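# sequence and predicted structure are below.
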Amino acid sequence: MASHLYLERHGHSDELFIALHGFSKAKGRLSAVRETISELYPNADIFAPVLPFAKGMTCLVKAESIVADLMREIDQIVAERSAQGQTYRTIYVVGHSIGAVFARRLVITAFGEQYDPGGGRPAPFEPELTDFRKKRIWADSIRRIVLLAGMNRGWTVSSALDWITSVKWGVSQFLGESMPPALKPTVFAIRQGAPFLVHTRLQWLALMDPDYGPRPNLTTVQLLGSADDLVSPDDNVDYAIDLFGRNDDGAIEQSGGGGQRSFFYIEVPYADHAEIVEMAKEGSKGTRRYREIRRERFRLALTGAPADLARNSVTRAQMADNLPPASDPHVTDVVFVVHGIRDKGFWTQKIARTIKKHAPADKKVESVTTSYGYFAMLPFILRRVRQRKVEWLMDRYTEARACFPKASFHYVGHSNGTYLAAKALQDYPYARFKSIVFAGSVVRCNYDWLSLIKPKPNAPHDEPQVGRVLNYVATRDWVVALFPKALQPWRIFNLGSAGHDGFRQASPNGPVFEVKYIAGSHGAGHEEPNWENIANFILRDARPELRPPIFANRQSPLWRVAGWTSCVLFPLLVLAILGIGCLILWSIFAQLPTLACFYVTPLQDWSACHGPPAGNQQAWRSFGFIVYLWIVYLFVTRF
């Protein structure tokens, strides 16, 4: 990008507008938006660059790099203005669709990293943005952010979309997920729960928290198209982050409530996701009327005083039926309890109740036990599907951070729930859990816990991501022994047998503690006899009481041997299942090969080994093949 290409200079104004277009919408570079800005501020400079994601799905540039390039461009524009002996007194940032996400991240980056009183960084910048850790000289000039149909919470393939859009996005999602990280399209950085988006939301929370410094004098206005059929309301509106905050007096700030209000939602009638930026004066009489309404709303967003914005904005009560709970800074501890595969997760709420019941008097405990749904064995093996669940977890984590800003976070996970936490800690540097309890873990045995527990060399004052870990190893966990352990040598699957073999970094003195062994199978660690032990470890730093019959001294020899041979047993099991299907399918159309008959005839005098099948035999074998497919389907989707 070069400023001389995309910067429109008008007179000697001291105002700068930064306008960022949406996904694959570079044509015209928000021409109607720029035209409206010029009407209101005829002497204002307008910077409306063509961003890399104008290429659509072919754009592979990292989102953080796009932000870094934008920052350098604006630094250059401000420097050129300063060289002329002039400065920008006021800066406005406008963004449409995913451009709105970049608009918000641009403002966050301009104000630099936030630091707590101890020198730690509650939301550190990514490596691509380390050059911008210090506040820019033009940051305080930013007065207003206008988000046009912004994907504040990110996009999802939502059921709220029309079926054509859902299919198109679903196919694009599948193709994008199949690509290696270096070839993943930029738009995936804006998917709900993706690292870039989660970091943006957490960094916004840190920026608006007066504990980390003076709160910026920013007014943010989100314009929502009343007929937006591309992005669901939950993706368009970041209820947790935008509706809640704390003002400079420490009081709770809520949309429609008291306190210093700085975020406003205004609905734009007769506008969908794309039409919201169509506000030019030309067109038919009916079209001109709608465009005039959109233009008036945009003018209000740019020039309206807080009182005017409040009168025209959607209130919290009108926004949605199921809003997140109000922000509560008095909560001291939040516990995530996440279930695993082949599990509806009803037990998570029971463990959460037990933890709250055993909480000391000086602690106020809340829990997060929402479910990501039933998860069968086959999708569990697919790494890209598991990654969606990681993003689901971090979306909930971000909401909980907004609702409970002063709490310590803890985690109890079983099976796939252990993978979600371990992967999130690797992908999201801001994810922090004071205590972690794993049961039936499918994480690799060589997982590097100590790198997450020890302070970072380049940031010794930062809070470690993890405080303590407790891992339960069961005596008869055949699920982990046969499946994740069989896949552990293949790093592409990123699965392991910590629930069967334990972690290599475990030590009797911690901080990675381990119980060898808890009596039972895959679910032994989260069963009722162990609930109190889990509660005491999380809230009282107490080790489990190793007493029979809950605990045992040795593992089942049968399943230990099965674990040793799982690398052979698992492939043989898969080949056997597929082989049976191939034999049935072959027998429908032709005589089975001699080699197959050698194994089949000792079991049954099968006529398929004595000639081509007759018509009635073909019908029965076709029916048998359908039954086979149905059984395999049930196995991979419900087992």
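Sure thing, it's come through.
# where along the stretch 401-550 of the chain do the helices fall?
416-427, 450-453, 478-482, 484-487, 498-501, 531-540 (DSSP state H, counting those that start in this stretch).
# nearest to Gly170, out of the ones you listed?
Gly170 sits nearest to helix 416-427 of all the helices of the stretch 401-550 of the chain, at 22.2 Å, using C-beta to C-beta. In this view, the C-beta of every residue, glycine as well, is placed from N, C-alpha and C.
# contacts for the closest one?
With C-beta atoms under 8 Å, 6 or more residues apart in numbering as the test, helix 416-427 has contacts from 195, 336, 338-341, 375, 380, 386-387, 389-390, 393-394, 397, 411, 413, 431, 433, 436, 438-443, 447, 452, 465-466, 494-495, 498-499.
# and the helices in the stretch 1-150 of the chain, which stretches?
For the stretch 1-150 of the chain, the helices defined by DSSP H, counting those that start in this stretch cover 3-6, 31-40, 63-83, 98-110.
# any idea which of those helices is most buried?
helix 98-110 (a mean of 26; mean count of other C-beta atoms under 10 Å).
# so what's the gap between that one and the chain middle?
18 Å (C-alpha atoms, centre = their mean, to the nearest Å).
# helices and strands around it, which ones?
strand 15-20, helix 63-83, strand 90-96, strand 142-148, helix 195-207 (3 or more C-beta pairs under 8 Å, 6 or more residues apart in numbering; DSSP states H and E).
# now those as CSV including distance to Glu278?
As requested, the helices and strands packed on helix 98-110 are exported to CSV (distance: least, C-beta to C-beta, whole Å):
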stretch, distance to Glu278
strand 15-20, 15
helix 63-83, 25
strand 90-96, 11
strand 142-148, 11
helix 195-207, 26
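# could you dump these into CSV and include distance to Gly154 and mean pLDDT?
Shown next, in CSV, are those (distance: least, C-beta to C-beta, whole Å; pLDDT from 0 to 100):
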stretch, distance to Gly154, mean pLDDT
strand 15-20, 16, 95
helix 63-83, 11, 94
strand 90-96, 14, 96
strand 142-148, 13, 95
helix 195-207, 5, 92
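# number of nearby residues for the closest residue to Tyr374 other than its chain neighbours?
Of all residues not flanking Tyr374 in the chain, Lys344 sits nearest, at 6.0 Å (C-beta to C-beta, 6 or more residues apart in numbering). Neighbourhood size, Lys344 [other C-beta atoms under 10 Å]: 11.
# before we move on, what about Trp169?
Trp169 has 17 neighbours, counted by other C-beta under 10 Å.
# same question, Leu60
For Leu60, using other C-beta under 10 Å, the count is 15.
# all further residue positions should be reported with the first residue as 34.
Got it, the first residue is 34 from now on, which makes the last one we talked about Leu93.
# report the separation between it and Ala359.
Counting by C-beta to C-beta, to the nearest Å, the gap from Leu93 to Ala359 is 41 Å.
# same question for Arg177.
26 Å.
# and for Ala433?
13 Å.
# which one's more surrounded, these two?
Neighbours were counted for Ala433 and for Ala359 using other C-beta under 10 Å; Ala433 has more, 21 against 12.
# re the thing from before, the residue nearest to Tyr407 - that's part of a helix, no?
No - if the criterion is DSSP: H, G, I helix; E, B strand; the rest coil, then Lys377 is coil and not within a helix.
# so it is in contact with Ser404, correct?
Yes - look at Lys377 against Ser404 with C-beta atoms under 8 Å: they come within range, at 6.7 Å.
# residue ranges with poor pLDDT in this structure?
When residues are selected by pLDDT under 70, those of the chain lie in 34-37, 191-195, 264-294, 316-319, 349-350, 352-358, 491-494, 627-629, 631-644, 670-672.
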